[in-house]
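J.: From the sequence below, what's the structure:
(chains A, B, C and D)
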Number of protein chains: 2
Amino acid sequence: MTTKTAEHSKVRDGRSTREAILEAASRLIRVHGYNHTSLDDVLRESGVGKGNFYYHFKSKEDLGYAILDQIIGSFLERTLEPCFADPDEHALAQVQCFLDRLLEAQRASNCVGGCPLGNLAAELSDVHEGFRGRLTSVFAAWRERLTLALRSAQSRGTVDRSCQPEAVADFLVASLEGAILLTKLTKDIAVMEQCVAEMKRYLSLFEPRV
Amino acid sequence: MTTKTAEHSKVRDGRSTREAILEAASRLIRVHGYNHTSLDDVLRESGVGKGNFYYHFKSKEDLGYAILDQIIGSFLERTLEPCFADPDEHALAQVQCFLDRLLEAQRASNCVGGCPLGNLAAELSDVHEGFRGRLTSVFAAWRERLTLALRSAQSRGTVDRSCQPEAVADFLVASLEGAILLTKLTKDIAVMEQCVAEMKRYLSLFEPRV
DNA sequence: TTTTCTGTACCGACTGGTCAGTACACGTGA
DNA sequence: TCACGTGTACTGACCAGTCGGTACAGAAAA
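T.: Numbers count the residues shown, from 1 in each chain, chains lettered A, B, ... in the order given. Predicted structure coming up:
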């Protein structure tokens, strides 16, 4: 009874097989981790057969890289960059907008799943050089984006000279990752809220001195 | 007739079988995670047979709890408490001493392994309620210790009124966990150093106003 | 037009290996 | 004798990955 209305397969619920696999896998991996998510689970969730999976992906590792690339792309383009789009906005306001965005994301996820990038970093940094390399690059890009905003604000006098952009950026990234982790652990969004509030207080150190 | 504890068990390189298992397992789990560390690996590393393992532990989960208890005890008694032992020392100095201690631990571990508690929190928070409960307790105790120091300093006037001890404690714990994670990812101790330096700068916000 | 060929998309049984956990025998000391 | 420690062989579930084969579309050949 298979209707042939839709063009031959390649389409499954309106998206490609590859997309169905990626969607199911990234959802499962976010909760169970990379190693503890079995291919069979991904296949069951996505409704894709095993042969078909290996038609689209070389290996489980290949799938892992594809997911990582997808997460990275989405984070950089849809979460990080939009906050820094307007070059005339105050740098500290841009950073605060970004903090609020991540807080909102935690609220939306009901404190489940944590940060996909942080999770993979914790799980694989010491055991998979390939993943570690890619993860290092995203965090470097993230840090770079913050550093850039702070440095240019500094040259315009809207951020104090006492601010060392690289150190502040590192610290903000670390604090955010830690806050998301503690929020996932305690299942209490108040932890994230308090941490974001303290980050804003910390940032107030760098308002230009009068 | 007196006690039936591990004192009876044979001694293996100067320690009990149970201790040998715990030592090997916590070392492996720190790097490979709980789920991805196989019992056979632990047995091979500790030189203990399988029957013997199941004589001393009910299950792999039981071993996990034992390791967790050991990590927790060691952290609270040997890392956290010593920094806050002297009730007359300045609270901010106590916290700084603690930060330096964690920085030194990262240096000593060559940026490998990260924080055992943070790793387990990242891996298991969403999939194992038992582990999550115990991990939540340690982090609560850690936070509590910082809160206490700050609050009593506040009442003595050595920490500013603007400091909200719970929020500051949460933020410090989160920042430390994040800093350790990023250090493990980048394999660069400078990340940890910068983060600790920024934490100290943040703490300077709470020196009493003159 | 009809048939045949070819490449893409797909299926699920199977393989070799690993996992946590069990069964049981052996030795030793009280 | 008998309970405590211990070693080893085993069990069944599960894992990533392979394999033989099917379905079907469009192009080429008839």
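J.: Please identify the buried residues of stretch A:95-104?
T.: Of all the residues in stretch A:95-104, those buried under the rule 16 or more other C-beta atoms under 10 Å in any protein chain shown are A:95-96, A:98-99, A:102-103. (Each C-beta comes from the backbone N, C-alpha and C, glycine too.)
J.: Just the buried residues of the lengthiest helix in chain A, please?
T.: Ranked by residue count, the top helix of chain A under DSSP state H comes out as helix A:129-156. Residues of helix A:129-156 classed as buried by neighbour count (16+ other C-beta under 10 Å): A:131-132, A:134-136, A:138-139, A:142-143, A:145-147, A:149-151, A:153-154.
J.: Rebuild the buried residues of stretch A:95-104 as TSV, extending it with pLDDT and secondary structure.
T.: Shown next, in TSV, are the buried residues of stretch A:95-104 (pLDDT from 0 to 100; DSSP: H, G, I helix; E, B strand; the rest coil):
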residue	pLDDT	secondary structure
A:95	96	helix
A:96	96	helix
A:98	97	helix
A:99	98	helix
A:102	97	helix
A:103	98	helix
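J.: Which ones among those residues also lie next to DNA strand D?
T.: Checking these against DNA strand D by C-beta under 7 Å from any atom of the strand, not one of them is in range.
J.: Next up, the contacts around the residue of chain A with the smallest separation from chain B.
T.: Using C-beta to the nearest C-beta, the single residue of chain A nearest to chain B is residue A:178, 2.8 Å away. Residue A:178 makes contact with A:195, B:173-179, B:181, according to C-beta atoms under 8 Å, 6 or more residues apart in numbering or on different chains.
J.: give me the element the residue of chain A found nearest DNA strand C is part of.
T.: Sorted by distance to DNA strand C under C-beta to the nearest atom of the strand, the residues of chain A start with residue A:51, at 2.0 Å. Following DSSP states H and E, one finds residue A:51 within helix A:50-56.
J.: Give me the contact status of that helix with DNA strand D.
T.: Yes - with C-beta under 7 Å from any atom of the strand as the criterion, DNA strand D is reached by helix A:50-56 at A:50-51, A:54.
J.: before we move on, back to that, just checking: which of the buried residues of helix A:129-156 also lie near chain B?
T.: The residues of the buried residues of helix A:129-156 that also fall near chain B, by C-beta under 8 Å from any C-beta of the partner chain, are A:132, A:135-136, A:139.
J.: how many neighbours does the residue nearest to residue A:150 when sequence neighbours are not counted have?
T.: Excluding its sequence neighbours, the residue lying closest to residue A:150 (C-beta to C-beta, 6 or more residues apart in numbering or on different chains) is residue A:165, at 4.0 Å. Residues within reach of residue A:165, counting by other C-beta atoms under 10 Å in any protein chain shown, total 21.
J.: how far away is residue A:165 from residue B:103?
T.: 21 Å (C-beta to C-beta, to the nearest Å).
J.: now do residue A:128
T.: From residue A:128 to residue B:103 the distance is 26 Å (C-beta to C-beta).
J.: hang on, residue A:163 is in a helix, isn't it?
T.: No - counting by DSSP: H, G, I helix; E, B strand; the rest coil, residue A:163 is not part of a helix but coil.
J.: need the contact list for the residue lying closest to it once chain neighbours are set aside.
T.: Ranked by C-beta to C-beta, 6+ apart and with sequence neighbours excluded, the top spatial neighbour of residue A:163 is residue A:206, at 4.2 Å. Going by C-beta under 8 Å, 6+ apart, residue A:206 touches A:92, A:150, A:159-160, A:162-163, A:168.
J.: mind running it again at 6 Å?
T.: A:159-160, A:163 (C-beta atoms under 6 Å, 6 or more residues apart in numbering or on different chains).
J.: Most neighbours out of these, which is it?
T.: residue A:159 (24 neighbours).
J.: Quick check, pLDDT for it.
T.: For residue A:159, the pLDDT comes out at 95.
J.: does it count as helix, strand or coil?
T.: Three-state call for residue A:159 (three-state DSSP): coil.
J.: isn't it right next to residue A:152, touching?
T.: No - Residue A:159 lies out of contact with residue A:152 (C-beta atoms under 6 Å); the separation is 8.9 Å.
J.: So which residues make contact with stretch A:41-59?
T.: A:17-18, A:20-21, A:24-25, A:28, A:63.
J.: repeat for stretch A:139-154
T.: Under C-beta under 6 Å, 6+ apart, the answer for stretch A:139-154 is A:80, A:84, A:91, A:94, A:159, A:165-166, A:169, A:173.
J.: tell me which residues in the helix or strand following the helix holding residue A:51 are buried?
T.: Going down the chain from helix A:50-56, the next helix or strand is helix A:60-74, by DSSP H and E. Within helix A:60-74, the residues that count as buried by 16+ other C-beta under 10 Å are A:60, A:63-64, A:66-68, A:70-72.
J.: go on, stretch A:85-98?
T.: For stretch A:85-98, by 16+ other C-beta under 10 Å, it's A:91-92, A:94-96, A:98.
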